[in-house]
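A.B. asks: Structural data only, the sequence is not supplied:
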């Protein structure tokens, strides 16, 4: 496969985790390309996977994504004949313009874990228009609730139990 790279003079993308947005299962990230009409790809992975596979050469993620889109063409051609090039599959993942994303809309996150969100510019023809950029974030550790409940058995009947549940710290 061929990886298309525009070379020097690429536009940029700014990624920023919105401070205080991290929870045990989510984080908000602001994505701002240098031009509002710039198309780009973004995704999320664990920090350990990023460090193992891409930290030394972040541009390798572009080649990996192209490889996966090429694989999509091979596997999907029978069901999606209109998606007959990797560039067409890639366009299904493109975003454009500034936006804030909530990571939980794209990935199920584990609590108390570290993640990397990456992005790079790529136009419809498959030419890379912005270098790979990353931002890291961590989900928080859940804290046990102080909530407690009182359960009162009202009656035991032949088909079940009638009961009342009352929170004790409302």
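C.D. replies: Sure thing, it's come through. Everything numeric here is computed off the predicted structure, so don't read it as measured data.

A.B. asks: and the top strand by length along the chain, which residues are buried?
C.D. replies: Taking DSSP state E as the criterion, the chain has its longest strand at strand 127-138. Neighbour counts over strand 127-138 (16 or more other C-beta atoms under 10 Å) mark 128, 129, 130, 131, 132, 133, 134, 135, 137 as buried. Where C-beta positions appear, they are placed from N, C-alpha and C, glycine not excepted.

A.B. asks: Give me the helices and strands touching it, please.
C.D. replies: On a contact count with 3 or more C-beta pairs under 8 Å, 6 or more residues apart in numbering; DSSP states H and E, strand 127-138 meets strand 4-5, strand 13-17, strand 28-33, strand 39-46, helix 60-76, strand 114-122.

A.B. asks: Least reliable of the ones you listed by average pLDDT, please.
C.D. replies: Ranked by mean pLDDT, the helices and strands packed on strand 127-138 bottom out at strand 4-5, which scores a mean of 36.

A.B. asks: give me the number of residues near residue 26?
C.D. replies: For residue 26, the count of nearby residues is 16 (other C-beta atoms under 10 Å).

A.B. asks: next structured bit after the longest strand of the chain?
C.D. replies: Later in the chain than strand 127-138, the nearest helix or strand by DSSP states H and E is strand 149-157.

A.B. asks: Give me the mean pLDDT for the helix or strand following that following strand.
C.D. replies: Counting by DSSP H and E, the element after strand 149-157 in chain order, helix or strand, is strand 160-167. For strand 160-167, mean pLDDT rounds to 89.

A.B. asks: Now do the residue nearest to residue 119 when sequence neighbours are not counted against residue 36, distance only.
C.D. replies: Excluding the flanking residues, the one nearest residue 119 by C-beta to C-beta, 6 or more residues apart in numbering is residue 42, at 4.0 Å. Distance, residue 42 to residue 36, by C-beta to C-beta, to the nearest Å: 16 Å.
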